[in-house]
Every structure is written in structure tokens, then in C-alpha cells.
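**Q** any chance you could fold what I've pasted below:
(one chain, ligands or ions: 1)
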Amino acid sequence: MDTNGYSTWLEIDLGAVQNNVHQLQQITGCEVMTVVKANGYGHGAIPIAQAAVKAGSSWCGVGRLEEALALRQAGLDCEILVLGYTPPAGILEAISQNISVTVYDQELGEEYAQLAQHAHKCLRTHVKIDTGMGRLGVMSQSALEFIRWLSRLKGLQIEGIFTHFARADEPQASLTTQQIERFSGVLDQLRSESLCPPIIHAANSAAAIYFHGAYFNMVRAGIAVYGLHPSSEALLPPGFLPALTWKARLTSLKTFPPGHGISYGSIYTTEKAERIGTIPVGYADGFRRVLQQQVLLHEQRASVVGRVCMDQCALQLDEIPQARIGDEVVLLGQQGTERISAEELGKRWGTVNYEVVCGLANRLPRLYY
Ligand SMILES: Cc1ncc(COP(=O)(O)O)c(C=O)c1O
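**A** Numbering: from 1, shown residues only. Just a heads-up that it's a prediction; the model follows:
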């Protein structure tokens, strides 16, 4: 991989992504829908989808219609489901691009059906059931009635049904088991009237690993495909590999005299003569403007000092005298035996690993191997 032309970049291991899809297939014995919304959790939706499809994942899940259309435009011919809201104005395009959409509301469902009928076409749909997430979805108590009604509309094909878990990343919480029971109850009702759609899915990554009862015939995995833990309570088993490394180059090295301010606000001031380096990474790249951060250089941890700027920050390098301009710095990932994980960054930033990788800016070059 030629990284010489870049000052900061992401390296993404597509072999790790394929390995992780295989792990999920082996654990669950089910079809895997790879969730590539939010630019593939920051990893790049198109290469991730291509790798996942190669590994045998025949579905990709996205949050919005635009994300689905971008996959089609890139030539992906896998099945695609829009997991969120699709505006009626986009329905004809969804039909023409063979994209399945989520239905969870009567008025919207009716509008979708009318649009499809007028075009003499059929829209592929998955019905979403709210079994406890408290977000999108028909409430489980109303699901039978809703699907009875929906199945009478012309222009819609109901090919799937799904639900989403609120607390699968807390395997001790009883809500997931309750949600599985509610969802199974809905499926039983539908089966008794021969109304059950063929594709049934519920599990996100955490449920795919911790709740066997949630498999049905497909799982929808995001975070595990990227090799990241669903939570500190729902760790991935051994065998999954993180796919992403964030690197930068040391761009400046100076020895400042004692009492010199470093970066905006001079909130860090040198106590003695100090060797300070800079890297061309800042909050506009998704590296948060918080204090007490660390990066890896020469397989050692170096402290970020002073405020993180829009596209630069400073490092205290007294303990790394061999550092030179151009040296490789790792912000996220492994260098030698040291590792900074997305989970560690999440903890530092008061958030979760999901937000860390989804926040990686578009301007960061993404290099795939
Ligand atoms: C509806 C739906 N299904 C599946 C997923 C994938 O979840 P995870 O990344 O925890 O596997 C998400 C992610 O937010 C989602 O919103």
C-alpha cells in the first residue's frame, strides 16, 4: 500500500471484514445482512459491502435511500434494505433500483402502495415491528391487524418482517428475551393465517452472539462486521478482527523553551525545555477536542498536549527522542505490541466505539487492502 502521498489516512483490512462475516455465519448458521449505513460505520460503505458480499452476505442494510442508491451506483447487485424511513418521493426510484424498504405506518404504507400501483410496479417491503425498542415499528399488539391490511394492498410485496433490540448489548437485561417472545408471538399469529413473510430478522451484532433465540433466518450485523465489540458487557468472542487503523505522519518537531504555550489558549505551557511534535489531525477529522489523549509513535504512547485544533494537534515527545518528521503515528489501531482501540477512544470521549468510527471524517483518505 503506497501511503507516501498522505499526511493522515485510514487503512482498512477487507480480509478482516470477510473473516468477521464468516464468524457471524458460523456462529448463527444464518444469512447475514451487513449493515453499511453511515458510510459503513465510517469504514467506507462501498468497499465494505463488496467485501461482505464476497464473503457470502447476500443482503446489505442501510439507513437511508440515498445510501442504497450509492451502493447500486457502484455496481452492487446484492439485496438491499433501507432500515429507516423512505420518503414517498423516493419510492419509484427504490422500485426501479430493486431496493427493499421498511414499512411501519398505515398512511405511509398506503402511499407507497398507490405510487407502486400507478406505475404498474411492485415495491419490495419488510414490515418493522416495535417489540420494545420504542422507535420505528408497528406495535406488536397491532402487528397482525396491520399485516392483514397491508397484504390486501396491491403494489406491495411483503417479503420480510423484523424487529430491533434495545438492550441486546446488555446480555443480563431481560428485555431482549421479552422482545424475542413478543416477536415470536407475532410470527405465530401470522403463521396461523398464512401471512408470515419469508424473511425474518431481529438480531443485531450483540444478539447474534448472545441470544440464540433471536436468529430466525437472518441476522443484521454492523459493529461485529467491523471487528468492534457491541459493548463492554457484550464482547466479541475470539476470532473477530478489527478492520480499521488510523495513521498520520509527524509533520513538525521543535524544542520549546520553558514557559512556552502550546496551541490555542496556551492551556499547556512547557515546564522545561520540551520536545513537541505535531500531527496533521484535528477535530475536523473526527479526533475530538478533548484533553488527555494519546497516540502511538515508535511503539510507545505519546501524550497529546494543548488543545486539539481543526486539523492539527501537538504531541509531547521527550520520551521518544528517536522521533523524526515523517514518522508514522497511530491514532487508532495497533503499532508493535501497543494498541489504541475504538473502545479506548470511546471511553476517552465519553461515548461508544460506534460513534468514534462513524465520526471519522469523509476527508480522511481510506485505503483498502
Ligand atoms: C435496525 C438496525 N439493525 C441492525 C443494526 C446493526 O446493529 P449493530 O451495529 O449493533 O450490529 C442497526 C444499527 O444501528 C440498526 O439500526
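**Q** please count neighbours and contacts with C-alpha atoms only from this point.
**A** OK.
**Q** all helices of this structure, in order?
**A** 14-28, 37-41, 45-54, 65-73, 91-96, 106-118, 143-151, 175-192, 205-210, 342-348, 353-358 (DSSP state H).
**Q** for the ligand, what are the nearby residues on this protein?
**A** Within the chain, the positions adjacent to the ligand are 35, 83, 164, 204-205, 220-223, 230 by CA under 6 Å from any ligand atom.
**Q** how about the residues you listed in CSV, adding neighbour count?
**A** Formatted as CSV, those follow (neighbours: other CA atoms under 10 Å):
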residue, neighbour count
Val35, 32
Leu83, 23
His164, 26
Asn204, 28
Ser205, 25
Arg220, 25
Ala221, 25
Gly222, 25
Ile223, 25
Pro230, 24
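**Q** about what we covered before: most packed of the helices of the chain?
**A** Each of the helices of the chain was scored by mean neighbour count; the highest is helix 205-210, a mean of 24, by mean count of other CA atoms under 10 Å.
**Q** how far out from the middle of the chain is that one?
**A** Distance of helix 205-210 from its chain centroid, counting by CA atoms, centre = their mean, to the nearest Å, is 15 Å.
**Q** repeat for stretch 128-145
**A** 24 Å.
**Q** ok, stretch 283-297 next?
**A** 20 Å.
**Q** Pro321: neighbouring residues, count only.
**A** A count of nearby residues for Pro321, using other CA atoms under 10 Å, gives 9.
**Q** got the phi/psi numbers for it?
**A** phi -60, psi -20 (degrees, to the nearest 10).
**Q** quick one: it from the ligand, how far?
**A** Distance of Pro321 to the ligand, computed by CA to the nearest ligand atom, to the nearest Å: 41 Å.
**Q** with Gln312 instead?
**A** In this view, Gln312 and the ligand are 30 Å apart by CA to the nearest ligand atom.
**Q** and for that residue, the neighbour number?
**A** Neighbour count of Gln312, defined by other CA under 10 Å: 18.
**Q** that one touches Gly277, doesn't it?
**A** No. Under the criterion of CA atoms under 8 Å, Gln312 makes no contact with Gly277, lying 10.4 Å away.
**Q** which pair of the residues of the chain next to the ligand spans the longest distance?
**A** Leu83 and Pro230 (19.0 Å; CA to CA).
**Q** tell me the contacts of the closest residue to His212 other than its chain neighbours?
**A** Nearest residue to His212 in three dimensions, chain neighbours excluded: Thr28, at 7.5 Å (CA to CA, 6 or more residues apart in numbering). Neighbour list for Thr28: 208-209, 212, 215, 219 [criterion: CA atoms under 8 Å, 6 or more residues apart in numbering].
**Q** go on, Cys313?
**A** Cys313 makes contacts with 263, 278-282, 304-307, as judged by CA under 8 Å, 6+ apart.
**Q** tabulate those residues in TSV, adding columns for pLDDT, neighbour count and distance to Cys358.
**A** Formatted as TSV, these follow (pLDDT from 0 to 100; neighbours: other CA atoms under 10 Å; distance: CA to CA, whole Å):
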residue	pLDDT	neighbour count	distance to Cys358
Ser263	98	17	27
Thr278	98	21	25
Ile279	98	25	21
Pro280	98	18	20
Val281	98	25	16
Gly282	98	18	16
Val304	98	22	22
Val305	98	23	25
Gly306	98	24	25
Arg307	98	22	22
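**Q** quick one: which of those residues is nearest Phe146?
**A** Nearest member of the contacts of Cys313 to Phe146, counting by CA to CA, is Gly282, at 49.0 Å.
**Q** can I assume the closest one is in contact with Asp311?
**A** Yes. Counting by CA under 8 Å, Asp311 is a contact partner of Gly282 at 3.8 Å.
**Q** quick one: end-to-end length of stretch 268-278, please.
**A** Using CA to CA, to the nearest Å, one end of stretch 268-278 lies 14 Å from the other.
**Q** what's the offset of it from the middle of its chain?
**A** Distance, centroid of stretch 268-278 to centroid of chain: 37 Å (CA atoms, centre = their mean).
**Q** list the contacts for Tyr369?
**A** Each residue near Tyr369 by CA under 8 Å, 6+ apart is listed here: 1, 11-15.
**Q** now with 6 Å, please.
**A** Tyr369 makes contact with 13-14 under the criterion CA atoms under 6 Å, 6 or more residues apart in numbering.
**Q** how close does it sit to Asp2?
**A** 11 Å.
**Q** for Thr245, same thing?
**A** From Thr245 to Asp2 the distance is 15 Å (CA to CA).
**Q** higher neighbour count, those two?
**A** Thr245 (23 against 6).
**Q** skipping its backbone neighbours, what lies nearest that one in space?
**A** Excluding its sequence neighbours, the residue lying closest to Thr245 (CA to CA, 6+ apart) is Gly333, at 4.6 Å.
**Q** just the pLDDT for that neighbour.
**A** With respect to pLDDT, Gly333 has a value of 98.
**Q** circling back to that earlier point, can you redo the residues of the chain next to the ligand as CSV with pLDDT?
**A** CSV is the format used below for the residues of the chain next to the ligand (pLDDT from 0 to 100):
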residue, pLDDT
Val35, 99
Leu83, 98
His164, 98
Asn204, 98
Ser205, 98
Arg220, 98
Ala221, 98
Gly222, 98
Ile223, 98
Pro230, 98
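**Q** which residues does stretch 164-175 contact?
**A** 133, 176, 202, 206-207, 230-231, 233-234.
**Q** if you could redo that for stretch 73-85, that was the one I meant.
**A** By CA under 6 Å, 6+ apart, stretch 73-85 touches 58-64, 99-102.
**Q** which positions in it come out as buried?
**A** Neighbour-count burial for stretch 73-85, counted by 16 or more other CA atoms under 10 Å, picks out 76-84.
**Q** kindly report the same for stretch 124-143.
**A** 124-133, 136-140, 143.
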